[in-house]
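**Q** Could you look at this predicted model? Sequence included:
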Amino acid sequence: MVEKVFVGNVTHFYPKISVAVIELEGTLKVGDKILVERVSGAFEQTVESMQIEHENVKVAEKGQAIGLKVVEKTREGAKVFKVVE
């Protein structure tokens, strides 16, 4: 059974480099599978890398804002969930 756990909201999206800024409400790690839900649908991807203040990090905690390369366009207000199988 697949479960999804809310981890944060997209607060900004940079379309030219396909990077979303996510304000975290939970912990996120490199290797986690995430689901991004937006008005126009949803997409899944694996977190391959993320940055805080242009520094690569392996783990980010609640309260931090991360930059994350995304595989599809998104926008402010999209909800991000961690997929737990």
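**A** Looks like it arrived, so ask away. Numbering: from 1, shown residues only.

**Q** The longest strand along the chain packs against which elements?
**A** Counting by DSSP state E, the longest strand found in the chain is strand 3-14. Packing partners of strand 3-14 (3 or more C-beta pairs under 8 Å, 6 or more residues apart in numbering; DSSP states H and E): strand 19-24, strand 33-38, strand 79-84. In this view, the C-beta of every residue, glycine as well, is placed from N, C-alpha and C.

**Q** Please work out the average pLDDT along it.
**A** Strand 3-14 shows a mean pLDDT of 97.

**Q** contacting residues around that strand?
**A** Under the criterion C-beta atoms under 8 Å, 6 or more residues apart in numbering, residues 19-28, 34-36, 38, 65, 70, 73-85 lie in contact with strand 3-14.

**Q** neighbours around Ala65, how many?
**A** Neighbour count of Ala65, defined by other C-beta atoms under 10 Å: 14.

**Q** I meant Leu24, not that one.
**A** 19.

**Q** I'd say it and Val59 touch.
**A** No - Leu24 is beyond contact range of Val59, at 10.6 Å (criterion: C-beta atoms under 8 Å).

**Q** circling back: so which bits of the longest strand of the chain are buried?
**A** Lys4, Val7, Gly8, Asn9, Val10, Phe13 (16 or more other C-beta atoms under 10 Å).

**Q** Check those against Glu48 and report the nearest one.
**A** Val7 (16.0 Å; C-beta to C-beta).

**Q** Dump stretch 66-75 to CSV, restricted to CA.
**A** This file holds the C-alpha atoms of stretch 66-75, laid out as CSV (Å, rounded to 0.1, in the frame of the first residue of the first chain):
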residue,chain,number,x,y,z
ILE,A,66,15.2,24.0,-0.3
GLY,A,67,15.8,24.3,-4.0
LEU,A,68,14.8,21.1,-5.9
LYS,A,69,15.2,20.3,-9.6
VAL,A,70,11.8,19.1,-10.8
VAL,A,71,11.0,17.0,-13.8
GLU,A,72,7.8,18.9,-14.8
LYS,A,73,6.7,22.5,-14.5
THR,A,74,4.9,23.5,-11.3
ARG,A,75,3.9,26.7,-9.6
